[in-house]
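Enquirer: One predicted model, sequence on top.
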Amino acid sequence: MTTPGRSFPADFVWGSATASYQIEGAATEDGRTPSIWDTFSHTPGNVLNGDTGDVADDHYHRWSEDLDHIARMGLDAYRFSIAWPRIQPGGSGPVNQKGLDFYSRLVDGLLDRGVKPVVTLYHWDLPQELEDAGGWPARDTALRFGEYAEHVARGLGDRVSTWTTLNEPWCSAYLGYASGAHAPGRRNGADALAAAHHLNLAHGLAGRAIKSVLGENTPLSVTLNLHVTRPADPDSAADRDAVRQLDAVGNRVFLGPMLDGAYPADLLEDTRTITDWSFVQDGDEATCHVPLDVLGINYYSTAKARRWDGISPREQPKGHGDSPFSPWVGDDVEGQLIDYPPVPGPYTAMGWNIDPSGMYDLLTDMSRRYPDLPLMVTENGAAFDDAVSTGPDGRPAVHDDDRIAYLTGHIDAVARAREDGADVRGYFLWSLLDNFEWSFGYDRRFGIIRVDYDTLERTWKDSAHWYAELIRTRQLPAS
Ligand code: PNW
């Protein structure tokens with residue numbers, strides 16, 4: 001892969017991203033109560049090596065040192081998430097001041113260093129008490145989320161540059177309630193679709209709460225992991241229809257209510273055997289449709305789809321139908337007859353294929369679908385098996401050329417999409433630090449800063465130095 005070198009304007013936002021449960025640790029401190037990820041990770045068999053977020057990167061105590069890294073790297077903005085169980089232990093009721101104070105210090109620390117705080121209200125750490133009361137398949141959870149958003153908006157106020165309601169509701173709904181790969185680990189297709197709706201509703205209620213507390217001009221966003229799926233055989237009408245179906249159930253299930261004010265008709269039709277959608281009440285779709293100022297897009301890789309005629313997923317040959325992109329591995333979803341054939345490599349340590357053209361296609365496609373909506377890449381990055389050597393100074397060194405190549409290819413794709421008219425305002429690299437990679441625990445490292453999990457020492461990988469230079473020059477060097 002060669003790239004010609006690209007330049008970016010001075011106002012293009014360069015950032016990096018993290019999430020509360022993945023970095024904070026301090027799971028029981030200052031009044032925090034368990035989230036579904038505490039329960040899930042402490043249940044044997046759910047997370048590789050039995051890892052939990054109890055300590056993680058200990059960012060809760062080392063936040064100031066981490067902000068110094070951010071400042072030294074020259075980041076324009078930092079995207080982090082707020083742990084709901086720190087703000088409202090149990091998920092409802094008054095604010096826990098100590099929990100709020102942590103984020104208040106963090107926001108001030110960023111502003112002091114000239115870095116814009118980009119807040120995500122929900123990056124998957126649902127208070128366990130709300131899960132016990134039904135979780136996202138229950139309507140009440142959305143109502144509680146609206147109240148939580150109002151508390152945080154009052155607490156952090158106009159110090160926040162951009163408010164993001166949800167991170168990747170696809171993962172919350174489908175990995176949480178259909179495949180069970182993520183917390184809370186439930187497996188029921190109807191519950192997953194009810195969860196998707198209540199996440200949409202939560203987005204609308206939270207967005208409205210934020211704008212009513214802080215004013216209509218407060219920048220509002222949501223981050224979606226939109227799926228780029230291609231037909232296994234482009235000449236097959238059946239495969240193309242499988243792609244349409246996945247676009248409906250994976251992408252338009254969120255884009256529809258949030259951006260168009262209605263669920264797509266083909267989605268409702270395709271999922272009739274799973275649910276009658278009676279959880280959508282009059283007025284809900286209008287509530288979900290709160291004006292957005294920027295759409296956050298997370299992109300990592302692509303998938304292929306093929307229609308299996310007349311073969312239920314259970315009868316498909318082993319190894320198929322278990323793509324991370326397949327939500328339909330729970331029960332009672334026999335109506336979904338889609339197979340995911342392997343995609344060609346190269347792959348990252350996640351087994352995800354490396355395909356920058358997916359980034360280009362996604363950004364240009366979204367700018368065609370929503371021409372007036374600015375876009376922001378809120379996550380992109382890669383896990384690799386980093387080799388640690390000893391540098392000339394006797395300190396650890398990580399020469400992660402593979403990560404630099406991945407980033408180069410994808411940032412080049414962002415530049416090409418911009419040249420071709422996509423209004424992409426910025427790029428947030430996932431992730432600032434190695435961290436708790438959900439069901440893969442600490443085994444998969446996405447950071448551009450290495451974390452030694454014995455000493456919690458931070459070390460810049462080569463990619464961190466490379467990123468700092470890109471930000472300083474606003475130039476992607478030719479490669
Ligand atoms: C995103 N999948 O997660 C999240 O926003 C991050 O917290 C995470 O660390 C990052 O991407 C890397 O995984 C995903 O299975 C997790 O399709 C799983 C999937 C997609 C996104």
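Expert: Yep, that arrived.

Enquirer: got a list of what residue 58 touches?
Expert: Applying CB atoms under 8 Å, 6 or more residues apart in numbering to residue 58 gives the contacts 24-26, 456. The way it works is simple: take the backbone N, C-alpha and C, and place the C-beta from them, glycine included.

Enquirer: repeat that with 10 Å
Expert: With contact taken as CB atoms under 10 Å, 6 or more residues apart in numbering, residue 58 is in contact with 23-26, 65-66, 451, 453, 456.

Enquirer: contacting residues around stretch 40-48?
Expert: Outside stretch 40-48, the residues touching it (CB under 10 Å, 6+ apart) are 21, 27, 34-35, 37, 39, 50-54, 124, 128, 131, 176, 180-185, 436-444.

Enquirer: which phi and psi does the residue lying farthest from the centre of the chain have?
Expert: Largest separation from the mean C-alpha position in the chain: residue 392, at 37.0 Å (CA atoms, centre = their mean). Note on residue 392: its backbone torsions stand at phi -60, psi -30 [degrees, to the nearest 10].

Enquirer: Against residue 127, how distant is residue 97?
Expert: 17 Å (CB to CB, to the nearest Å).

Enquirer: wait, residue 393
Expert: Applying CB to CB to residue 393 and residue 127 gives a distance of 45 Å.

Enquirer: Around the ligand, which positions in the protein sit nearby?
Expert: Residues of the chain found near the ligand (CB under 6 Å from any ligand atom) are 19, 22, 167-168, 171, 225, 298, 324-325, 379, 430, 437-438, 446.

Enquirer: Need the worst-confidence member of those.
Expert: Confidence by pLDDT is poorest for residue 324 among the residues of the chain next to the ligand, given 43.

Enquirer: Which positions within the helix ranked longest in the chain qualify as buried?
Expert: Longest helix of the chain, by residue count under DSSP state H: helix 189-214. Across helix 189-214, burial judged by 16 or more other CB atoms under 10 Å covers 189-211, 213-214.

Enquirer: cool, and stretch 137-148?
Expert: 137-139, 141-142, 144-146, 148.

Enquirer: about what we covered before: of the residues of the chain next to the ligand, closest to the ligand?
Expert: residue 324 (3.1 Å; CB to the nearest ligand atom).

Enquirer: Check which residues of the host helix or strand of residue 287 are buried.
Expert: If you go by DSSP states H and E, residue 287 is part of helix 284-288. Residues of helix 284-288 classed as buried by neighbour count (16+ other CB under 10 Å): 284-285, 287-288.

Enquirer: same deal with stretch 364-376?
Expert: For stretch 364-376, by 16+ other CB under 10 Å, it's 364-367, 370, 374-376.

Enquirer: of all those residues, which comes closest to residue 341?
Expert: Nearest to residue 341 among these: residue 365, at 21.9 Å, using CB to CB.

Enquirer: what's near enough to touch that closest one?
Expert: Residue 365 neighbours (CB under 10 Å, 6+ apart): 226, 228, 247, 251, 417, 422.

Enquirer: Wait, a strand at the third one?
Expert: No - counting by DSSP: H, G, I helix; E, B strand; the rest coil, residue 247 is not part of a strand but helix.
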